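# Sequence first, then the predicted structure:
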Amino acid sequence: MNPPLILDGRELSRKIREDIRLQIEDYLSRGFRRPGLAVILVGDDPASQIYVKNKIKACRKVGIVSFLYQLGVRTTTQELLDLIAELNSREEVDGILVQLPLPEGIDQREVILSINPSKDVDGFHPENMGKLVARMEEGFIPCTPLGIDLLLRHYGIDVRGKDVVIVGAGFIVGRPLALLMLWRDATVTVCHIHTKDLRKFTRSAEVLVSATGVPGLIKEDMVAEGSVVIDVGISRVEGKIVGDVDFEGVRHKVSAITPVPGGVGPMTVTGLLLNTLKAYRRRVRP
């Protein structure tokens, strides 16, 4: 079998981000303000700190102003809700991102519900999730599913009528991605921790997406010949960043695959930038 097509999220992200930068420059040249994104980091989780740093760096490169709020691990739900209420009312803030997961003791549900849906650039508010169910373009699609969709479409991988199997039924990736793949007319199966005989489902996939955070979960004997494999997982093992998929074991068997790092990760951040630009355009109404 020929070597697989490597779905390069870094390269595609560079192209999309340059387009975003040019669009923002156009708005500035016509006298509009810069887009603004408020980023809230609660606690001291090292992974969350890295993710936030990367998001702010990406914003700066395309011309989005970042407002960073770093709150201590002892922050209460009410204190966080009060900050979000303030940001909801600020004209220069187009998007609000609360980095997940939140520390124990903070009511994540209440936090998500408190964000103005028009500023919910993570796409987690029930109003935006409902618009995803209803196939309404004006909603915000969660960033990782949006990034995966852009990656597939860029490389000409049409999921219409294909069997798409998603491993992981999480709120951030698995469930919204299933909805988005249904939107693209795929036949979707979602597997999770209680699924019996995971291998039976993954071997039937024409497009297999794994989003569990379990290093090396997907082995060679779990994928079909010629399938497309999207690895969302990211873990650190012995100082090395790895995904859910045994890349070296699987790559000779599939037609296309995302690397880790450099595949879905950059596209997630790009999805955030696109959602922030979308929120901004609605607010300035040029």
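Nice, thanks for sending it over.
# alpha carbons only for contacts and neighbour counts from here, please
OK.
# got any ranges where the stretch 1-150 of the chain has weak pLDDT?
For the stretch 1-150 of the chain, the stretches with pLDDT under 70 are 1.
# Now with 90, please.
1-2, 45-47 (pLDDT under 90).
# Please, where are all the helices along it?
Applying DSSP state H, counting those that start in this stretch to the stretch 1-150 of the chain gives helices spanning 9-29, 46-62, 77-89, 108-114, 126-133, 143-154.
# what ranges do the strands span in the chain?
Here the chain has its strands, by DSSP state E, at 5-6, 36-42, 65-71, 95-98, 163-167, 187-191, 207-210, 228-231, 235-237, 240-242, 256-257.
# Same list, those strands, but as a markdown table with mean neighbour count please.
What follows is the strands of the chain, written out as a markdown table (neighbours: other CA atoms under 10 Å):
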| stretch | mean neighbour count |
| --- | --- |
| strand 5-6 | 15 |
| strand 36-42 | 23 |
| strand 65-71 | 16 |
| strand 95-98 | 24 |
| strand 163-167 | 25 |
| strand 187-191 | 18 |
| strand 207-210 | 27 |
| strand 228-231 | 28 |
| strand 235-237 | 13 |
| strand 240-242 | 14 |
| strand 256-257 | 23 |
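# Tell me which of these lies nearest to Pro117.
Closest approach to Pro117 among the strands of the chain is made by strand 95-98 (9.4 Å; CA to CA).
# got a pLDDT number for Glu194?
Careful, residue 194 is His; it's not Glu. His194 carries a pLDDT value of 97.
# In TSV: the helices of the stretch 1-150 of the chain, plus distance to Gly249 and mean neighbour count.
TSV is the format used below for the helices of the stretch 1-150 of the chain (distance: least, CA to CA, whole Å; neighbours: other CA atoms under 10 Å):
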stretch	distance to Gly249	mean neighbour count
helix 9-29	21	16
helix 46-62	27	15
helix 77-89	45	15
helix 108-114	38	15
helix 126-133	35	18
helix 143-154	22	21
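# Nearest to Leu277, out of those?
Checking the helices of the stretch 1-150 of the chain against Leu277 by CA to CA gives helix 9-29 as the closest, at 7.6 Å.
# OK, contacts around Met129?
Met129 is in contact with Gly123, Gly139, Phe140, Ile141, Pro176, counting by CA atoms under 8 Å, 6 or more residues apart in numbering.
# measure it to Ile141 for me?
Per CA to CA, to the nearest Å, Met129 is found 8 Å from Ile141.
# Spit out the residues that contact these two alike.
In contact with both Met129 and Ile141: Gly123, Pro176, using CA under 8 Å, 6+ apart.
# Skipping adjacent residues, who's closest to Glu137 in space?
Distances taken as CA to CA, 6 or more residues apart in numbering place Lys131 nearest to Glu137, at 7.5 Å, with adjacent residues excluded.
# residues contacting the one you found?
Glu137, Glu138, Gly139.
# Please tabulate those residues in JSON lines, including the columns neighbour count and distance to Val73.
Shown next, in JSON lines, are the contacts of Lys131 (neighbours: other CA atoms under 10 Å; distance: CA to CA, whole Å):
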{"residue": "Glu137", "neighbour count": "10", "distance to Val73": "37"}
{"residue": "Glu138", "neighbour count": "13", "distance to Val73": "35"}
{"residue": "Gly139", "neighbour count": "24", "distance to Val73": "32"}
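# any idea which of those residues is the one closest to Lys253?
For the contacts of Lys131, the residue nearest Lys253 by CA to CA is Glu137; the value is 35.9 Å.
# since we're on Arg74, how many residues are nearby?
By other CA atoms under 10 Å, 12 other residues sit near Arg74.
# Would you check how far apart it and Ile50 are?
Distance from Arg74 to Ile50, by CA to CA: 20 Å.
# swap in Leu102?
Distance from Leu102 to Ile50, by CA to CA: 15 Å.
# Ok, Asp246 next?
As judged by CA to CA, Asp246 and Ile50 stand 24 Å apart.
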